[in-house]
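>>> Sequence first, then the predicted structure:
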Amino acid sequence: MPVFSGIWVALVTPFNDGAIDFPALRRLARHLLDEGVAGLVACGTTGEAAALSKDEQLAVLDALLEEIPGDRLVMGLAGNHLAELLAFQREVQRRPIAGVLVPAPYYIRPSQEGLLAWFGAIADASSVPVILYDIPYRTGVRLELATLRQLARHPRIVAIKDCGGNPETTLALIADGELDVLTGEDGQIFTTLCMGGRGAIAASAHIRPRQFVEMAECIDKGELEAARAIFQKIQALIRLAFAEPNPAPVKSLLAMQGLIRDELRLPMQPSSEALLQRLRNELA
Ligand SMILES: O=C(O)C1=N[C@H](C(=O)O)C[C@H](O)C1
């Protein structure tokens, strides 16, 4: 039985004049769950976790837990100072959550041995399921297949958010059946699900979440034609969501729907005028 499956939204962190906009955060979380998504991932890349202090990240988590059930919530756990990260993990784990999403430490570019020890230390200390986050184009280091297979033996490591960009690795992991494979590449949701992946953690699923959910359900039921038709409908949206650095386009689209303010923290920049026009056209 998969621990993680379906469409999980990589949640943005709404801001209002530089501060976290908690009412908007709660509203958005409730809206997405009402639209049928499997759950939410807070404080990931899309949540601009890198621009939030640890206290702010915990405040986001607490606000969300007041709004949605903990088993529908995964928390991002990122950093490159192990002792600090483990201390933060202890705080996070005092809350009832479905799991943690853990990328490799960025900037350092450790060896595969180093990564095994790093993820091993976090998994050993984890009281909740761990989702590995393989995103070499952001962290600077790749989790090789052999490393992933070794990590999959850890009882706490149950899933991977796969942004590794190597279809052979994705396929091998799916065939192994040891980890729930969730794609983190929104443009690959259809193919990953068709290959037997369990689901996705996607930023673009903030917009028209029901269509993402329906597409995944159709694939589950073997209704390929219907799934393909939905995917074709949302492809333009997915492309636009990443036309400028994530999460600017997604935040603009949410703002156009009146769900949040179109505000980011540096170094992120709001969508350009040209993109805003394209986003308006897409929504229309
Ligand atoms: O925040 C996330 O988790 C996601 N990150 C990816 C990225 O921007 O690197 C995109 C994905 O849709 C969700």
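Cool, got the structure. Everything numeric in this text was worked out from a predicted model, so none of it was measured.
>>> How about the secondary structure of residue 100?
Under DSSP: H, G, I helix; E, B strand; the rest coil, the three-state class of residue 100 is strand.
>>> Over to the one 10 residues further on?
In three-state terms, and counting by three-state DSSP, residue 110 is coil.
>>> Can you pull the residues of the stretch 101-250 of the chain lying near the ligand?
135, 138, 184, 186, 201, 202, 203, 246 (C-beta under 6 Å from any ligand atom). Backbone N, C-alpha and C define where each C-beta goes, glycine included.
>>> let's see 8 Å
With the criterion set to C-beta under 8 Å from any ligand atom, the stretch 101-250 of the chain comes near the ligand through 101, 133, 135, 137-138, 161, 163, 184-186, 200-205, 241-242, 246-247.
>>> I'd like to know which of those are buried.
Buried subset of these (neighbour count, 16 or more other C-beta atoms under 10 Å): 101, 133, 135, 161, 163, 184-186, 200-205, 241-242, 246-247.
>>> Give me the subset of the residues of the stretch 101-250 of the chain next to the ligand lying in strands.
Members of those lying in strands (criterion: DSSP state E): 101, 133, 161, 200, 201, 202.
>>> quick one: which of those residues is nearest to residue 113?
The nearest member of those to residue 113, counting by C-beta to C-beta, is residue 133 at 19.2 Å.
>>> Can you show me the helices along the chain?
22-34, 54-67, 82-92, 112-124, 136-139, 145-151, 167-176, 189-195, 209-220, 224-241, 248-256, 273-283 (DSSP state H).
>>> Let me see the mean pLDDT of the shortest one.
Okay, so that is helix 136-139. Summarised as a single mean, pLDDT over helix 136-139 is 96.
>>> which outside residues touch that helix?
Helix 136-139 is contacted from outside by 45, 103, 104, 105, 106, 107, 142, 143, 163, 164, 165, using C-beta atoms under 8 Å, 6 or more residues apart in numbering.
>>> Please repeat the previous calculation with a cut-off of 7 Å.
45, 103, 104, 106, 142, 164 (C-beta atoms under 7 Å, 6 or more residues apart in numbering).
>>> Give the buried subset of the residues you listed as a PyMOL selection command.
Typed into PyMOL, the line below selects the buried ones among the contacts of helix 136-139, using 16+ other C-beta under 10 Å:
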select buried, resi 45+103+104+142+164
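>>> any chance of the helices of the chain in CSV, plus distance to residue 4?
Shown next, in CSV, are the helices of the chain (distance: least, C-beta to C-beta, whole Å):
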stretch, distance to residue 4
helix 22-34, 16
helix 54-67, 17
helix 82-92, 17
helix 112-124, 15
helix 136-139, 21
helix 145-151, 16
helix 167-176, 13
helix 189-195, 13
helix 209-220, 13
helix 224-241, 20
helix 248-256, 21
helix 273-283, 29
